[in-house]
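[1] below are the sequence and a predicted model for it; my questions follow.
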Protein chains: 2
Amino acid sequence: MVKAKRILKWQRDPEGMRIRILEAAKQEFATHGLAGARVDRIAAKAGANKRMLYYHVGKKDDLYLAVLEGAYEQIRVEERGLDLEHLDPPEAIERLIGFTWNYFIRNPEFLALLNTENLAKARHLKRSTKVKSMHSPFVEMIRTVVMRGVANGDFQVAVDPVQLYISIAALCFFYLSNSATLSVIFGRDLLKKEARDERLDHMVALVLAALTGKSTAAFGNSKALKHRAAAAHSDA
Amino acid sequence: MVKAKRILKWQRDPEGMRIRILEAAKQEFATHGLAGARVDRIAAKAGANKRMLYYHVGKKDDLYLAVLEGAYEQIRVEERGLDLEHLDPPEAIERLIGFTWNYFIRNPEFLALLNTENLAKARHLKRSTKVKSMHSPFVEMIRTVVMRGVANGDFQVAVDPVQLYISIAALCFFYLSNSATLSVIFGRDLLKKEARDERLDHMVALVLAALTGKSTAAFGNSKALKHRAAAAHSDA
DNA sequence: ACAGTAATTATCCAACGGGTTAATTTGTCC
DNA sequence: GGACAAATTAACCCGTTGGATAATTACTGT
(Lines give C-alpha, C1' and ligand atoms only; values in the text may rest on other atoms or scores of the structure.)
Protein backbone atom coordinates (compact mmCIF):
# COMPACT_ATOMS: atom_id res chain seq x y z
CA MET A 1 0.00 0.00 0.00
CA VAL A 2 3.05 2.27 0.21
CA LYS A 3 2.26 4.71 -2.57
CA ALA A 4 5.79 6.18 -2.55
CA LYS A 5 6.44 5.04 -6.07
CA ARG A 6 8.45 8.10 -6.73
CA ILE A 7 9.40 10.12 -3.69
CA LEU A 8 10.14 13.01 -6.00
CA LYS A 9 8.32 16.32 -5.95
CA TRP A 10 4.65 15.65 -6.38
CA GLN A 11 2.30 18.53 -6.46
CA ARG A 12 -0.41 15.93 -6.13
CA ASP A 13 -0.98 13.55 -3.26
CA PRO A 14 -4.52 12.18 -3.06
CA GLU A 15 -4.13 10.13 0.12
CA GLY A 16 -2.24 12.87 1.90
CA MET A 17 -4.92 15.29 0.85
CA ARG A 18 -7.64 13.01 2.17
CA ILE A 19 -5.90 12.79 5.53
CA ARG A 20 -5.46 16.55 5.74
CA ILE A 21 -9.11 17.04 4.89
CA LEU A 22 -10.29 14.60 7.55
CA GLU A 23 -7.99 16.11 10.16
CA ALA A 24 -9.22 19.61 9.36
CA ALA A 25 -12.79 18.37 9.41
CA LYS A 26 -12.27 16.74 12.77
CA GLN A 27 -11.07 19.98 14.28
CA GLU A 28 -13.88 21.93 12.69
CA PHE A 29 -16.67 19.56 13.76
CA ALA A 30 -15.20 19.26 17.24
CA THR A 31 -14.99 23.01 17.63
CA HIS A 32 -18.30 24.01 16.11
CA GLY A 33 -20.50 20.95 16.04
CA LEU A 34 -22.16 19.59 12.92
CA ALA A 35 -24.42 22.54 12.16
CA GLY A 36 -21.83 25.10 13.19
CA ALA A 37 -19.08 23.61 11.07
CA ARG A 38 -18.28 25.45 7.85
CA VAL A 39 -17.27 23.56 4.75
CA ASP A 40 -15.21 26.49 3.51
CA ARG A 41 -13.30 26.64 6.77
CA ILE A 42 -12.48 22.94 6.55
CA ALA A 43 -11.17 23.47 3.04
CA ALA A 44 -9.07 26.41 4.14
CA LYS A 45 -7.66 24.55 7.13
CA ALA A 46 -6.82 21.59 4.93
CA GLY A 47 -5.12 23.88 2.47
CA ALA A 48 -7.44 22.61 -0.19
CA ASN A 49 -10.00 23.82 -2.62
CA LYS A 50 -13.54 23.33 -1.39
CA ARG A 51 -14.28 21.06 -4.29
CA MET A 52 -11.66 18.62 -2.99
CA LEU A 53 -13.81 17.74 0.01
CA TYR A 54 -16.57 16.55 -2.26
CA TYR A 55 -14.12 14.86 -4.58
CA HIS A 56 -12.25 12.90 -1.92
CA VAL A 57 -14.86 12.29 0.74
CA GLY A 58 -18.30 13.57 -0.06
CA LYS A 59 -20.82 16.07 1.20
CA LYS A 60 -20.76 17.61 4.65
CA ASP A 61 -22.61 14.72 6.23
CA ASP A 62 -20.29 12.12 4.69
CA LEU A 63 -17.35 14.14 5.90
CA TYR A 64 -18.75 14.16 9.37
CA LEU A 65 -19.41 10.43 9.42
CA ALA A 66 -15.91 9.70 8.14
CA VAL A 67 -14.50 11.78 10.97
CA LEU A 68 -16.68 10.04 13.52
CA GLU A 69 -15.71 6.61 12.28
CA GLY A 70 -12.06 7.57 12.38
CA ALA A 71 -12.41 8.74 15.96
CA TYR A 72 -13.97 5.47 17.09
CA GLU A 73 -11.39 3.53 15.17
CA GLN A 74 -8.57 5.33 16.90
CA ILE A 75 -9.79 4.82 20.44
CA ARG A 76 -10.55 1.17 19.79
CA VAL A 77 -7.02 0.65 18.55
CA GLU A 78 -5.52 2.24 21.63
CA GLU A 79 -7.89 0.36 23.89
CA ARG A 80 -6.67 -2.90 22.45
CA GLY A 81 -3.14 -1.93 23.37
CA LEU A 82 -4.01 -1.93 27.05
CA ASP A 83 -3.49 -5.35 28.58
CA LEU A 84 -4.85 -5.77 32.05
CA GLU A 85 -4.47 -9.51 32.24
CA HIS A 86 -1.20 -9.61 34.09
CA LEU A 87 -2.10 -6.96 36.65
CA ASP A 88 -3.64 -7.33 40.07
CA PRO A 89 -7.34 -6.55 39.78
CA PRO A 90 -7.14 -3.25 41.70
CA GLU A 91 -4.15 -2.17 39.64
CA ALA A 92 -5.97 -3.16 36.48
CA ILE A 93 -8.92 -0.98 37.39
CA GLU A 94 -6.65 1.91 38.25
CA ARG A 95 -4.89 1.53 34.94
CA LEU A 96 -8.19 1.39 33.11
CA ILE A 97 -9.35 4.62 34.69
CA GLY A 98 -5.99 6.23 34.06
CA PHE A 99 -6.08 5.28 30.42
CA THR A 100 -9.62 6.52 29.89
CA TRP A 101 -8.84 9.77 31.66
CA ASN A 102 -5.68 10.45 29.73
CA TYR A 103 -7.16 9.44 26.42
CA PHE A 104 -9.94 11.97 26.90
CA ILE A 105 -7.45 14.62 27.90
CA ARG A 106 -5.26 13.91 24.90
CA ASN A 107 -8.25 13.79 22.52
CA PRO A 108 -10.72 16.47 23.48
CA GLU A 109 -12.20 16.40 19.98
CA PHE A 110 -13.40 12.90 20.67
CA LEU A 111 -15.58 14.14 23.50
CA ALA A 112 -16.96 16.93 21.39
CA LEU A 113 -17.71 14.60 18.51
CA LEU A 114 -19.60 12.22 20.75
CA ASN A 115 -21.65 15.07 22.13
CA THR A 116 -22.42 16.27 18.64
CA GLU A 117 -23.47 12.80 17.59
CA ASN A 118 -25.70 12.45 20.61
CA LEU A 119 -27.32 15.76 19.82
CA ALA A 120 -28.13 14.15 16.48
CA LYS A 121 -29.55 11.17 18.36
CA ALA A 122 -26.83 8.97 16.88
CA ARG A 123 -28.43 9.37 13.46
CA HIS A 124 -25.14 8.86 11.64
CA LEU A 125 -23.77 6.16 13.91
CA LYS A 126 -26.83 4.05 13.29
CA ARG A 127 -26.07 4.01 9.60
CA SER A 128 -22.45 3.08 10.16
CA THR A 129 -21.92 -0.67 9.98
CA LYS A 130 -18.25 0.11 10.43
CA VAL A 131 -18.57 1.53 13.92
CA LYS A 132 -21.16 -0.97 14.98
CA SER A 133 -18.71 -3.76 14.21
CA MET A 134 -15.98 -2.19 16.37
CA HIS A 135 -16.66 -3.59 19.81
CA SER A 136 -14.73 -2.15 22.70
CA PRO A 137 -12.45 -4.75 24.29
CA PHE A 138 -12.96 -3.05 27.62
CA VAL A 139 -16.19 -4.74 28.57
CA GLU A 140 -14.63 -8.18 28.32
CA MET A 141 -11.44 -6.96 29.99
CA ILE A 142 -13.46 -5.62 32.89
CA ARG A 143 -15.45 -8.81 33.16
CA THR A 144 -12.37 -10.98 33.59
CA VAL A 145 -10.68 -8.49 35.91
CA VAL A 146 -13.74 -8.33 38.13
CA MET A 147 -14.04 -12.11 38.16
CA ARG A 148 -10.40 -12.47 39.11
CA GLY A 149 -10.82 -9.87 41.80
CA VAL A 150 -13.81 -11.60 43.28
CA ALA A 151 -12.04 -14.95 43.12
CA ASN A 152 -8.91 -13.81 44.94
CA GLY A 153 -10.82 -11.75 47.48
CA ASP A 154 -9.66 -8.32 46.27
CA PHE A 155 -13.18 -7.36 45.32
CA GLN A 156 -16.26 -7.84 47.40
CA VAL A 157 -18.77 -8.29 44.61
CA ALA A 158 -19.15 -8.92 40.90
CA VAL A 159 -20.33 -5.73 39.25
CA ASP A 160 -21.93 -5.73 35.84
CA PRO A 161 -18.98 -4.93 33.54
CA VAL A 162 -21.13 -2.83 31.23
CA GLN A 163 -22.31 -0.67 34.10
CA LEU A 164 -18.80 -0.30 35.43
CA TYR A 165 -17.50 0.56 31.97
CA ILE A 166 -20.12 3.24 31.58
CA SER A 167 -19.47 4.55 35.07
CA ILE A 168 -15.75 4.90 34.52
CA ALA A 169 -16.30 6.60 31.20
CA ALA A 170 -18.91 8.80 32.84
CA LEU A 171 -16.67 9.98 35.65
CA CYS A 172 -13.95 10.96 33.20
CA PHE A 173 -16.10 12.21 30.35
CA PHE A 174 -18.43 14.49 32.24
CA TYR A 175 -15.69 16.27 34.14
CA LEU A 176 -13.72 17.04 31.00
CA SER A 177 -16.59 17.61 28.60
CA ASN A 178 -18.31 19.96 31.02
CA SER A 179 -15.22 21.57 32.45
CA ALA A 180 -16.05 24.91 30.88
CA THR A 181 -19.43 25.35 32.56
CA LEU A 182 -18.33 23.66 35.78
CA SER A 183 -15.34 25.95 35.99
CA VAL A 184 -17.63 28.97 35.77
CA ILE A 185 -20.05 27.55 38.31
CA PHE A 186 -17.36 26.70 40.83
CA GLY A 187 -15.30 29.76 40.03
CA ARG A 188 -12.08 27.90 39.50
CA ASP A 189 -10.19 26.32 36.65
CA LEU A 190 -10.93 22.60 36.67
CA LEU A 191 -8.44 21.93 33.90
CA LYS A 192 -5.30 23.08 35.61
CA LYS A 193 -2.84 20.40 36.56
CA GLU A 194 -3.61 20.19 40.27
CA ALA A 195 -7.34 20.01 39.68
CA ARG A 196 -6.92 17.25 37.12
CA ASP A 197 -4.67 15.25 39.41
CA GLU A 198 -7.08 15.64 42.27
CA ARG A 199 -9.89 14.46 40.05
CA LEU A 200 -8.05 11.37 38.95
CA ASP A 201 -7.24 10.51 42.55
CA HIS A 202 -10.87 10.88 43.46
CA MET A 203 -12.16 8.71 40.63
CA VAL A 204 -9.73 5.91 41.29
CA ALA A 205 -10.44 6.04 45.00
CA LEU A 206 -14.19 6.09 44.46
CA VAL A 207 -14.27 3.09 42.19
CA LEU A 208 -11.72 1.06 44.11
CA ALA A 209 -13.39 1.80 47.42
CA ALA A 210 -16.66 0.58 45.97
CA LEU A 211 -15.09 -2.59 44.63
CA THR A 212 -12.79 -3.48 47.48
CA GLY A 213 -14.73 -2.02 50.37
CA LYS A 214 -11.57 -0.40 51.62
CA SER A 215 -11.19 3.36 51.30
CA THR A 216 -7.82 4.61 50.25
CA ALA A 217 -6.18 7.67 51.73
CA ALA A 218 -6.80 9.85 48.70
CA PHE A 219 -10.52 9.30 48.89
CA GLY A 220 -10.69 10.38 52.51
CA ASN A 221 -8.24 13.22 52.91
CA SER A 222 -10.03 15.32 50.40
CA LYS A 223 -9.23 18.98 49.96
CA ALA A 224 -6.17 18.84 52.19
CA LEU A 225 -5.02 15.84 50.25
CA LYS A 226 -1.65 15.23 48.74
CA HIS A 227 -1.08 15.13 45.01
CA ARG A 228 2.25 13.49 45.57
CA ALA A 229 2.19 10.32 43.56
CA ALA A 230 -0.38 11.77 41.19
CA ALA A 231 2.24 12.23 38.52
CA ALA A 232 2.55 8.49 38.21
CA HIS A 233 -0.78 8.29 36.39
CA SER A 234 0.06 8.03 32.76
CA ASP A 235 -1.59 5.65 30.37
CA ALA A 236 -0.13 2.81 28.39
CA MET B 1 -47.31 41.28 39.72
CA VAL B 2 -50.54 39.57 38.77
CA LYS B 3 -51.22 41.25 35.46
CA ALA B 4 -54.77 39.88 35.23
CA LYS B 5 -56.22 43.32 35.48
CA ARG B 6 -58.91 42.39 33.09
CA ILE B 7 -59.34 38.69 32.46
CA LEU B 8 -61.39 39.59 29.42
CA LYS B 9 -60.50 38.70 25.86
CA TRP B 10 -57.01 39.99 25.15
CA GLN B 11 -55.49 39.40 21.80
CA ARG B 12 -52.29 40.62 23.39
CA ASP B 13 -50.37 39.07 26.22
CA PRO B 14 -46.74 40.19 26.39
CA GLU B 15 -45.67 38.03 29.33
CA GLY B 16 -47.41 34.98 28.00
CA MET B 17 -45.79 35.62 24.66
CA ARG B 18 -42.37 35.91 26.24
CA ILE B 19 -42.85 32.62 28.02
CA ARG B 20 -44.00 30.87 24.86
CA ILE B 21 -41.00 32.25 23.01
CA LEU B 22 -38.55 31.08 25.64
CA GLU B 23 -40.16 27.66 25.81
CA ALA B 24 -40.04 27.29 22.05
CA ALA B 25 -36.46 28.50 22.04
CA LYS B 26 -35.52 26.01 24.72
CA GLN B 27 -36.85 23.15 22.65
CA GLU B 28 -35.18 24.42 19.52
CA PHE B 29 -31.76 24.98 21.09
CA ALA B 30 -31.94 21.66 22.91
CA THR B 31 -32.84 19.81 19.74
CA HIS B 32 -30.48 21.50 17.31
CA GLY B 33 -27.81 23.25 19.33
CA LEU B 34 -26.96 26.92 19.06
CA ALA B 35 -25.77 26.94 15.47
CA GLY B 36 -28.40 24.47 14.31
CA ALA B 37 -31.27 26.36 15.87
CA ARG B 38 -33.42 28.37 13.49
CA VAL B 39 -34.92 31.63 14.53
CA ASP B 40 -37.85 31.17 12.19
CA ARG B 41 -38.62 27.78 13.66
CA ILE B 42 -38.65 29.24 17.16
CA ALA B 43 -41.09 31.87 16.02
CA ALA B 44 -43.31 29.29 14.38
CA LYS B 45 -43.26 27.04 17.42
CA ALA B 46 -44.09 29.96 19.67
CA GLY B 47 -46.95 30.92 17.39
CA ALA B 48 -45.38 34.31 16.98
CA ASN B 49 -44.08 36.59 14.33
CA LYS B 50 -40.31 36.42 14.05
CA ARG B 51 -40.04 40.05 14.94
CA MET B 52 -41.52 39.27 18.35
CA LEU B 53 -38.38 37.39 19.38
CA TYR B 54 -36.28 40.47 18.85
CA TYR B 55 -38.89 42.68 20.45
CA HIS B 56 -39.36 40.65 23.63
CA VAL B 57 -35.98 39.05 24.16
CA GLY B 58 -33.33 40.02 21.65
CA LYS B 59 -31.16 38.49 19.01
CA LYS B 60 -30.44 34.79 18.73
CA ASP B 61 -27.60 34.90 21.21
CA ASP B 62 -29.66 36.79 23.78
CA LEU B 63 -32.44 34.29 23.30
CA TYR B 64 -30.05 31.47 23.91
CA LEU B 65 -28.62 33.02 27.05
CA ALA B 66 -32.09 33.69 28.41
CA VAL B 67 -32.96 30.04 27.89
CA LEU B 68 -29.77 28.90 29.55
CA GLU B 69 -30.33 31.14 32.54
CA GLY B 70 -33.86 29.90 32.86
CA ALA B 71 -32.67 26.31 32.82
CA TYR B 72 -30.17 26.90 35.61
CA GLU B 73 -32.74 28.83 37.56
CA GLN B 74 -35.19 25.97 37.36
CA ILE B 75 -32.85 23.27 38.56
CA ARG B 76 -31.56 25.45 41.38
CA VAL B 77 -35.11 26.00 42.57
CA GLU B 78 -35.87 22.30 42.57
CA GLU B 79 -32.56 21.51 44.22
CA ARG B 80 -33.43 23.81 47.07
CA GLY B 81 -36.63 21.86 47.61
CA LEU B 82 -34.68 18.76 48.51
CA ASP B 83 -33.97 18.62 52.21
CA LEU B 84 -31.54 15.94 53.24
CA GLU B 85 -31.04 17.13 56.80
CA HIS B 86 -33.48 14.80 58.46
CA LEU B 87 -32.37 11.67 56.63
CA ASP B 88 -29.77 9.10 57.55
CA PRO B 89 -26.61 9.86 55.59
CA PRO B 90 -26.88 6.83 53.30
CA GLU B 91 -30.52 7.59 52.63
CA ALA B 92 -29.64 11.20 51.97
CA ILE B 93 -27.08 10.19 49.36
CA GLU B 94 -29.52 7.80 47.75
CA ARG B 95 -32.11 10.52 47.61
CA LEU B 96 -29.61 12.93 46.12
CA ILE B 97 -28.74 10.51 43.36
CA GLY B 98 -32.39 9.72 42.77
CA PHE B 99 -33.24 13.36 42.44
CA THR B 100 -30.40 14.12 40.04
CA TRP B 101 -31.24 11.10 37.95
CA ASN B 102 -34.93 11.88 37.73
CA TYR B 103 -34.39 15.56 37.13
CA PHE B 104 -32.21 14.75 34.14
CA ILE B 105 -34.77 12.27 32.87
CA ARG B 106 -37.59 14.77 33.24
CA ASN B 107 -35.55 17.57 31.67
CA PRO B 108 -33.53 16.20 28.80
CA GLU B 109 -33.24 19.68 27.28
CA PHE B 110 -31.16 20.69 30.27
CA LEU B 111 -28.53 18.14 29.34
CA ALA B 112 -28.51 19.24 25.74
CA LEU B 113 -28.23 22.89 26.69
CA LEU B 114 -25.26 22.22 28.93
CA ASN B 115 -23.53 20.32 26.16
CA THR B 116 -24.20 23.14 23.74
CA GLU B 117 -22.81 25.66 26.20
CA ASN B 118 -19.71 23.58 26.75
CA LEU B 119 -19.17 23.35 23.03
CA ALA B 120 -19.15 27.13 23.16
CA LYS B 121 -16.59 26.92 25.97
CA ALA B 122 -19.11 28.52 28.34
CA ARG B 123 -18.78 31.75 26.41
CA HIS B 124 -22.29 32.87 27.34
CA LEU B 125 -22.27 31.60 30.89
CA LYS B 126 -19.17 33.63 31.63
CA ARG B 127 -21.04 36.80 30.75
CA SER B 128 -24.01 35.87 32.92
CA THR B 129 -23.71 37.36 36.39
CA LYS B 130 -27.12 35.87 36.99
CA VAL B 131 -26.06 32.25 36.69
CA LYS B 132 -22.77 32.83 38.45
CA SER B 133 -24.68 34.06 41.48
CA MET B 134 -26.90 30.96 41.61
CA HIS B 135 -24.93 28.54 43.71
CA SER B 136 -26.13 24.99 43.96
CA PRO B 137 -27.14 24.10 47.49
CA PHE B 138 -25.99 20.56 46.86
CA VAL B 139 -22.33 21.07 47.65
CA GLU B 140 -23.13 22.30 51.15
CA MET B 141 -25.80 19.65 51.57
CA ILE B 142 -23.30 16.97 50.66
CA ARG B 143 -20.70 18.42 52.98
CA THR B 144 -22.95 18.21 56.02
CA VAL B 145 -24.33 14.80 55.06
CA VAL B 146 -20.82 13.41 54.66
CA MET B 147 -19.73 14.93 57.97
CA ARG B 148 -22.71 13.43 59.74
CA GLY B 149 -22.03 10.10 58.10
CA VAL B 150 -18.43 10.10 59.20
CA ALA B 151 -19.40 11.17 62.70
CA ASN B 152 -21.97 8.42 63.24
CA GLY B 153 -19.86 5.76 61.59
CA ASP B 154 -22.04 5.26 58.51
CA PHE B 155 -19.28 6.50 56.22
CA GLN B 156 -15.67 5.49 56.35
CA VAL B 157 -14.13 8.69 55.07
CA ALA B 158 -14.81 12.35 54.36
CA VAL B 159 -14.95 12.84 50.61
CA ASP B 160 -14.54 16.23 49.04
CA PRO B 161 -18.15 17.33 48.52
CA VAL B 162 -17.34 19.04 45.23
CA GLN B 163 -15.81 15.88 43.81
CA LEU B 164 -18.70 13.80 45.01
CA TYR B 165 -21.18 16.27 43.57
CA ILE B 166 -19.46 16.15 40.22
CA SER B 167 -19.25 12.35 40.34
CA ILE B 168 -22.93 11.93 41.03
CA ALA B 169 -23.82 14.35 38.28
CA ALA B 170 -21.38 12.58 36.00
CA LEU B 171 -22.82 9.13 36.55
CA CYS B 172 -26.32 10.34 35.75
CA PHE B 173 -25.48 12.88 33.06
CA PHE B 174 -23.22 10.79 30.88
CA TYR B 175 -25.54 7.82 30.74
CA LEU B 176 -28.51 9.92 29.68
CA SER B 177 -26.74 12.44 27.51
CA ASN B 178 -24.89 9.73 25.62
CA SER B 179 -27.65 7.16 25.61
CA ALA B 180 -28.10 7.45 21.85
CA THR B 181 -24.53 6.50 20.93
CA LEU B 182 -24.17 4.05 23.79
CA SER B 183 -27.36 2.30 22.75
CA VAL B 184 -25.95 1.83 19.27
CA ILE B 185 -22.61 0.62 20.57
CA PHE B 186 -24.13 -1.86 22.98
CA GLY B 187 -26.93 -2.81 20.65
CA ARG B 188 -29.69 -2.30 23.14
CA ASP B 189 -31.99 0.48 24.26
CA LEU B 190 -30.50 2.06 27.37
CA LEU B 191 -33.52 4.27 27.87
CA LYS B 192 -36.14 1.62 28.37
CA LYS B 193 -37.54 1.29 31.85
CA GLU B 194 -35.63 -1.79 32.96
CA ALA B 195 -32.33 -0.39 31.77
CA ARG B 196 -32.94 2.90 33.57
CA ASP B 197 -33.87 1.14 36.79
CA GLU B 198 -30.81 -1.06 36.58
CA ARG B 199 -28.66 1.99 36.04
CA LEU B 200 -30.06 3.79 39.06
CA ASP B 201 -29.49 0.74 41.20
CA HIS B 202 -25.92 0.54 40.02
CA MET B 203 -25.15 4.20 40.66
CA VAL B 204 -26.60 4.18 44.15
CA ALA B 205 -24.80 0.96 44.97
CA LEU B 206 -21.50 2.21 43.58
CA VAL B 207 -21.50 5.46 45.53
CA LEU B 208 -22.82 3.97 48.75
CA ALA B 209 -20.39 1.09 48.60
CA ALA B 210 -17.55 3.56 48.21
CA LEU B 211 -18.75 5.68 51.12
CA THR B 212 -19.78 2.97 53.54
CA GLY B 213 -17.38 0.24 52.53
CA LYS B 214 -20.25 -2.20 52.48
CA SER B 215 -21.51 -3.44 49.15
CA THR B 216 -25.24 -3.71 48.77
CA ALA B 217 -26.97 -6.58 47.07
CA ALA B 218 -27.82 -4.59 43.95
CA PHE B 219 -24.18 -3.76 43.30
CA GLY B 220 -23.14 -7.38 43.40
CA ASN B 221 -25.92 -9.33 41.78
CA SER B 222 -25.56 -7.48 38.56
CA LYS B 223 -27.28 -8.74 35.43
CA ALA B 224 -29.39 -11.28 37.27
CA LEU B 225 -30.37 -8.61 39.69
CA LYS B 226 -33.81 -7.69 40.88
CA HIS B 227 -35.46 -4.43 39.96
CA ARG B 228 -37.97 -4.95 42.69
CA ALA B 229 -37.80 -1.87 44.84
CA ALA B 230 -36.53 0.18 41.95
CA ALA B 231 -39.91 1.79 41.53
CA ALA B 232 -39.43 3.49 44.89
CA HIS B 233 -36.91 5.86 43.37
CA SER B 234 -38.79 9.04 42.75
CA ASP B 235 -37.48 12.42 43.58
CA ALA B 236 -38.84 15.00 45.97
C1' DA C 1 -63.73 59.70 21.40
C1' DC C 2 -59.01 60.29 20.94
C1' DA C 3 -54.24 60.56 21.55
C1' DG C 4 -50.39 57.97 22.77
C1' DT C 5 -48.05 53.89 23.49
C1' DA C 6 -47.34 48.99 23.48
C1' DA C 7 -47.63 44.95 20.83
C1' DT C 8 -47.82 42.74 16.43
C1' DT C 9 -47.56 41.93 11.40
C1' DA C 10 -45.96 42.04 6.73
C1' DT C 11 -42.13 42.50 3.82
C1' DC C 12 -37.60 42.94 2.54
C1' DC C 13 -32.53 42.07 2.06
C1' DA C 14 -27.75 41.31 2.07
C1' DA C 15 -24.63 37.91 3.50
C1' DC C 16 -23.83 33.34 3.94
C1' DG C 17 -23.17 28.56 2.90
C1' DG C 18 -23.58 24.09 0.80
C1' DG C 19 -23.11 22.23 -3.30
C1' DT C 20 -22.29 22.17 -8.51
C1' DT C 21 -20.38 23.02 -13.29
C1' DA C 22 -16.90 23.34 -16.19
C1' DA C 23 -12.37 24.40 -17.28
C1' DT C 24 -7.32 23.48 -16.13
C1' DT C 25 -3.35 21.31 -14.64
C1' DT C 26 -0.41 17.33 -13.63
C1' DG C 27 1.08 12.87 -13.87
C1' DT C 28 1.06 8.10 -16.32
C1' DC C 29 1.43 4.86 -19.81
C1' DC C 30 2.54 3.70 -24.47
C1' DG D 1 5.05 13.47 -27.50
C1' DG D 2 0.58 12.71 -27.14
C1' DA D 3 -3.57 10.54 -25.34
C1' DC D 4 -6.04 9.52 -21.21
C1' DA D 5 -7.32 9.77 -16.59
C1' DA D 6 -6.67 11.62 -12.12
C1' DA D 7 -6.33 15.62 -9.35
C1' DT D 8 -7.10 20.46 -8.70
C1' DT D 9 -8.87 25.10 -9.43
C1' DA D 10 -11.92 28.92 -10.41
C1' DA D 11 -16.31 30.67 -10.59
C1' DC D 12 -20.93 30.46 -9.97
C1' DC D 13 -25.70 29.23 -8.30
C1' DC D 14 -29.51 29.65 -5.42
C1' DG D 15 -32.04 28.56 -1.24
C1' DT D 16 -31.52 29.85 3.50
C1' DT D 17 -31.16 32.78 7.47
C1' DG D 18 -30.45 36.31 10.84
C1' DG D 19 -31.82 40.56 11.26
C1' DA D 20 -33.95 45.19 9.97
C1' DT D 21 -37.67 48.69 8.33
C1' DA D 22 -41.77 50.42 8.44
C1' DA D 23 -46.58 50.11 8.57
C1' DT D 24 -50.66 48.32 11.41
C1' DT D 25 -53.41 47.04 15.16
C1' DA D 26 -54.94 46.74 19.92
C1' DC D 27 -55.01 48.54 24.45
C1' DT D 28 -54.71 52.49 28.04
C1' DG D 29 -55.59 56.53 30.39
C1' DT D 30 -58.04 60.77 29.95
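    Ah, there it is. Numbering: from 1, shown residues only, chains lettered A, B, ... in the order given.
[2] so which residue is dead centre in chain A?
    residue A:104 (4.0 Å; C-alpha atoms, centre = their mean).
[3] what are the ranges of the helices in chain A?
    A:14-36, A:39-46, A:50-56, A:60-80, A:89-106, A:108-119, A:123-127, A:129-133, A:138-151, A:161-177, A:179-186, A:193-212, A:217-220 (DSSP state H).
[4] output the contacting helices and strands for the third one.
    Right, helix A:50-56. Where contact means 3 or more C-beta pairs under 8 Å, 6 or more residues apart in numbering or on different chains; DSSP states H and E, helix A:50-56 is packed against helix A:14-36, helix A:39-46. (Glycine included, C-beta is placed from N, CA and C.)
[5] out of the ones you listed, nearest to residue A:135?
    helix A:14-36 (22.7 Å; C-beta to C-beta).
[6] do you know which of the helices and strands packed on helix A:50-56 lies nearest residue B:169?
    helix A:14-36 (22.2 Å).
[7] go through the closest one and flag the buried ones.
    A:17-18, A:20-36 (16 or more other C-beta atoms under 10 Å in any protein chain shown).
[8] burial count for residue A:149?
    For residue A:149, the neighbour count with other C-beta atoms under 10 Å in any protein chain shown is 22.
[9] now do the same contact list for the residue nearest to the centre of chain A.
    Taking C-beta atoms under 8 Å, 6 or more residues apart in numbering or on different chains, we find residue A:104 in contact with A:110, A:111, A:172, A:173, A:176.
[10] quick revisit: go back to the buried residues of helix A:14-36 and keep what's next to DNA strand D.
    residue A:17 (C-beta under 7 Å from any atom of the strand).
[11] returning to that earlier point: now render the helices and strands packed on helix A:50-56 as JSON lines, adding mean pLDDT.
    Shown next, in JSON lines, are the helices and strands packed on helix A:50-56 (pLDDT from 0 to 100):
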{"stretch": "helix A:14-36", "mean pLDDT": "96"}
{"stretch": "helix A:39-46", "mean pLDDT": "97"}
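[12] residue A:74 is nearest to which of these?
    Nearest to residue A:74, of the helices and strands packed on helix A:50-56 and by C-beta to C-beta, is helix A:14-36 at 10.0 Å.
[13] need the helices and strands packed on helix A:50-56 in CSV with distance to residue A:136, can you?
    Output for the helices and strands packed on helix A:50-56, formatted as CSV (distance: least, C-beta to C-beta, whole Å):
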stretch, distance to residue A:136
helix A:14-36, 20
helix A:39-46, 29
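[14] picking that back up, how about the helices of chain A, which one is nearest residue B:212?
    helix A:193-212 (9.4 Å).
[15] buried residues, the closest one. List them.
    A:195-212.
[16] which stretch among the helices and strands packed on helix A:50-56 comes nearest residue A:129?
    Once the helices and strands packed on helix A:50-56 are compared by C-beta to C-beta, helix A:14-36 is nearest, at 19.0 Å.
[17] that closest one and chain B, are they touching?
    Yes: applying C-beta under 8 Å from any C-beta of the partner chain, one finds helix A:14-36 touching chain B at A:32, A:33, A:34, A:35, A:36.
[18] contacts with chain B among the buried residues of helix A:193-212, please.
    Okay, of the buried residues of helix A:193-212 touching chain B (C-beta under 8 Å from any C-beta), that's A:198, A:199, A:202, A:203, A:205, A:206, A:207, A:209, A:210, A:211.
[19] now, among those, which is nearest to residue B:115?
    residue A:199 (19.5 Å).
[20] wait, what's in contact with residue A:210?
    With C-beta under 8 Å, 6+ apart, residue A:210 has these contacts: B:205, B:206, B:207, B:209, B:210, B:215, B:219.
[21] correct me if wrong: the second one contacts residue B:219.
    Yes: here residue B:206 lies in contact with residue B:219, judged by C-beta atoms under 8 Å, at a distance of 6.4 Å.
[22] nearest to residue B:68, out of the helices of chain A?
    Nearest of the helices of chain A (C-beta to C-beta): helix A:179-186, 9.4 Å.
[23] any idea how far residue A:149 lies from chain B?
    Between residue A:149 and chain B the computed distance is 12 Å (C-beta to the nearest C-beta, to the nearest Å).
[24] on that earlier part again, farthest pair in the contacts of residue A:104?
    Applying C-beta to C-beta across those, the maximum distance is between A:110 and A:172, 11.3 Å.
[25] cool, thanks, signing off.
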